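Trainee: Quick one: sequence plus predicted model below, questions after.
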Amino acid sequence: MFKLKTRVINNNCNPVWNEQLTLSIKDVNDPIRLTVFDKDRFSGDDKMGDAEIDFRPFLEAHQMELDFQKLPNGCAIKRIRPGRTNCLAEESSITWNNAKITQEMILRLKNVECGEVEIMLEWTDGPGCKGLGREGSKKTPWMPTKRLD
């Protein structure tokens with residue numbers, strides 16, 4: 001399992017990290033697991049909740065046979081509704097922004113009374129990746145590396 005950590009934000013009940021994390025993906029069918037902790041100085045850190053990100057809809061949007069360059073900036077390619085199989089707190093749109101496909105989402109944390117985390121996914125090129133484009137597709141293959149903001 002691959003783990004990344006953000007910096008600690010002290011004395012804040014609603015922290016804003018505004019950090020970019022890059023994850024290499026081994027299996028596109030495995031969800032991203034996100035866990036939020038409360039940092040404790042003198043004892044073990046307290047788990048505040050967790051969520052899973054199913055990025056298969058994001059991957060499917062990349063593999064659509066569309067000429068993305070002709071889409072207007074901010075165009076929604078796909079919408080994902082909250083449900084039992086995801087941690088979305090509200091509908092999330094996969095959009096074409098500044099020549100990139102992105103997805104902003106608000107995740108409801110599980111295993112906690114309440115809590116939400118806002119993130120943004122974006123594919124970036126990664127070294128040594130096979131790409132995610134379909135065989136025979138004229139599109140540039142996308143690399144299985146995600147950026148979490």
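Mentor: Yes, it's here. Numbers count the residues shown, from 1 in each chain.
Trainee: Out of all residues in the protein, which is the farthest from the middle?
Mentor: Farthest-out residue of the chain from its mean C-alpha position, per CA atoms, centre = their mean: Phe42, at 32.2 Å.
Trainee: and the gap between it and Gln103?
Mentor: 39 Å (CB to CB, to the nearest Å). (Glycine included, C-beta is placed from N, CA and C.)
Trainee: One more: Gln69?
Mentor: The separation that Gln69 has from Gln103, given CB to CB, amounts to 19 Å.
Trainee: Of those two, which one has the most company?
Mentor: Ranked by neighbour count (other CB atoms under 10 Å), Gln69 and Gln103 place Gln103 first, with 23 against 7.
Trainee: Would you point out which residue is most central in this structure?
Mentor: Leu121 (3.8 Å).
Trainee: Can you show me the strands along the chain?
Mentor: Secondary structure of the chain (DSSP state E): strands located at 21-24, 32-38, 46-53, 75-80, 92-97, 100-108, 116-123, 145-148.
Trainee: Please render these as TSV that adds mean pLDDT and distance to Asn14 to the earlier fields.
Mentor: Formatted as TSV, the strands of the chain follow (pLDDT from 0 to 100; distance: least, CB to CB, whole Å):
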stretch	mean pLDDT	distance to Asn14
strand 21-24	80	20
strand 32-38	84	12
strand 46-53	87	12
strand 75-80	94	25
strand 92-97	93	20
strand 100-108	93	13
strand 116-123	88	10
strand 145-148	46	18
